[in-house]
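1. sequence plus predicted model, see below.
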Amino acid sequence: MDTDHSLGQVLRLAETLSEPDIFLFSGDISNNAYAEAYERLYAMMNGRSNVVWLPGNHDSIEAMTAVCGGRWYRPRIELGDWQLVSLDSSVAHTPRGTLAQTELDFLRQQLDQHPDKYTLVALHHHVLPVGCEWLDEQLLSNQSEFLELVSAYSQVKAVTCGHVHQARDVEYQGTRFLSTPSTCIQFAQHSADFLVSSEAPGLRWLELHPDGRIDTGIHRVADVRFNVDLAAKGY
């Protein structure tokens, strides 16, 4: 797929919605950590300041921050009664994810220091299985430790991720676990091996209410033809 074209269509779709407080890019911004990819996204977003991005397994923090500095790579921001805490689950040279002890300590610190803030946690890798054998092999490796931490703090209302290229919304021990469509190819659900879906690129919107409630939904690009290789065995 022409990923610049599909991303452009998703951004145009976003423009039809109400102006967001934050655009959250949840990783794998570049397939090969090329600086040019980060520069193109920066140009597409016109250098706007209401962006937060975090790294995926294909990304390089060094290349990302060289493009945007601290403007977009912000591990914690406040949004009214909420805080958004972004974690780095990437591990060099592997699609599998883990949260280093420094990341877990950072999350715990923010929860301890801001008990009055409802919290949305964002990371790239999925924490709960999605039912695709090949994807669930790449599940967050220290899932149990992360879940134990999150369940100890009632102000954590949701955890959102990228990586799985499909939409999911489930609850586990009182916390919602969300994933978002990709801005390029979508992965077929409930597949044993790599399989691409014919679903269109899209986005997830979230509305964070002052009382801790979350409204969320999926929008996909319509009326645009995308050339997708449904026979692809990998990417």
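-> Done, it's in. Source: prediction; values computed, not measured.
2. surely H125 is in a strand?
-> No. Under DSSP: H, G, I helix; E, B strand; the rest coil, H125 sits outside any strand and is assigned coil.
3. list the residues that contact the nearest residue to it once chain neighbours are set aside.
-> Sequence neighbours aside, G97 is the residue nearest to H125 in space, at 2.9 Å (criterion: Cβ to Cβ, 6 or more residues apart in numbering). (Each C-beta comes from the backbone N, C-alpha and C, glycine too.) Shown in contact with G97 (Cβ atoms under 8 Å, 6 or more residues apart in numbering): N57, S89, S90, V91, L123, H124, H125, Q138, L139, L140, S141, H163.
4. show me the helices in this structure, by range?
-> Here the chain has its helices, by DSSP state H, at 3-15, 35-44, 61-68, 101-113, 133-136, 143-151.
5. lowest mean pLDDT across the ones you listed, which one is that?
-> Of all the helices of the chain, the minimum mean pLDDT falls on helix 61-68 (a mean of 88).
6. for that helix, buried residues please.
-> A63, M64, T65, V67, C68 (16 or more other Cβ atoms under 10 Å).
7. that helix: how far from the chain's middle?
-> Centroid separation between helix 61-68 and its chain, computed with Cα atoms, centre = their mean, to the nearest Å, is 17 Å.
8. how much does that helix deviate in direction from helix 35-44?
-> Using axes from the mean of the first three to the mean of the last three Cα atoms, to 10 degrees, the direction of helix 61-68 lies 40 degrees away from that of helix 35-44.
9. look up how far A192 lies from the residue located most distally from the centre of the chain.
-> Within the chain, A231 marks the point farthest from the mean C-alpha position, 25.8 Å out by Cα atoms, centre = their mean. Relative to A192, A231 is positioned 16 Å away (Cβ to Cβ, to the nearest Å).
10. who's in contact with stretch 212-224?
-> With Cβ under 8 Å, 6+ apart as the criterion, stretch 212-224 contacts 6, 9-10, 13, 17, 81, 118, 120, 155, 157-158, 167, 169, 176, 178, 180-181, 199-209.
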